[in-house]
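Q: I'll drop the sequence and a predicted model, then ask my questions.
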Amino acid sequence: MRKVLFLSFLVAAAGLVPTACKMAPNDNPGDTVAASVFAPIDTAAINRRARAKAVKLAHAKDSVDIFYIGSGSTKQRLQLVSYPSRRDTLVYGKTRHIKRSGNTDVGSVVRVAFWVSGSDSLVKSVEQL
């Protein structure tokens, strides 16, 4: 009789203990990605922006003797990129003693003075703006 009472007590106690059902759905999405990644690319908007930029550059007037210093500059040569459109690239030689004022690193905006001898033009001074 004790065994039956003890067994019924264990069954009753087991019914009070919360247990999980193994068949319950598991909500584990794992690594998720934002929906914007799957959204189609709006090529019409990209094309509109590209056309607007091309029209803007087509009507841009470059400044005279004002350039960006290009990354192709060396000790003997100076690469100049047109300002502000960056459409044209020119490479000039330097005079023996070039005068510099300010920062003349790659990418800086400078005013350039040329020394013309016959058919050749050389850069004689570079001034940062």
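A: That came through fine.
Q: quickly run through the sheet partners of the strand or helix carrying Gln79, with directions.
A: For Gln79, the host element (DSSP states H and E) is strand 77-82. In its sheet, strand 77-82 lies beside strand 66-69 (antiparallel), strand 89-101 (antiparallel), with partners assigned from DSSP bridges.
Q: rank those strands by pLDDT, which is bottom?
A: Among these, strand 89-101 carries the lowest mean pLDDT, a mean of 89.
Q: which elements pack onto the helix or strand that that one is followed by?
A: Using DSSP H and E, the helix or strand that follows strand 89-101 in sequence is strand 109-117. Here strand 109-117 touches strand 66-69, strand 120-128, going by 3 or more Cβ pairs under 8 Å, 6 or more residues apart in numbering; DSSP states H and E. For the C-beta atoms, the positions are set from N, CA and C on the backbone; glycine is no exception.
Q: now do the buried residues in strand 109-117.
A: 109-112 (16 or more other Cβ atoms under 10 Å).
Q: farthest pair within the residues you listed?
A: Across those, no pair lies farther apart than Val109 and Val112, at 10.6 Å, counting by Cβ to Cβ.
Q: which SSE is Ala52 in?
A: Using DSSP H and E, Ala52 falls in helix 43-58.
Q: what stretches of this structure score poorly on pLDDT?
A: 10-22, 24, 27, 29, 57-58, 60 (pLDDT under 70).
Q: between Val109 and Val112, which contacts overlap?
A: 66-67 (Cβ atoms under 8 Å, 6 or more residues apart in numbering).
Q: quick one: secondary structure of Lys3?
A: Assigned by DSSP: H, G, I helix; E, B strand; the rest coil, the conformation of Lys3 is helix.
Q: tell me how many other residues crowd it.
A: Residues lying near Lys3 (other Cβ atoms under 10 Å) number 7.
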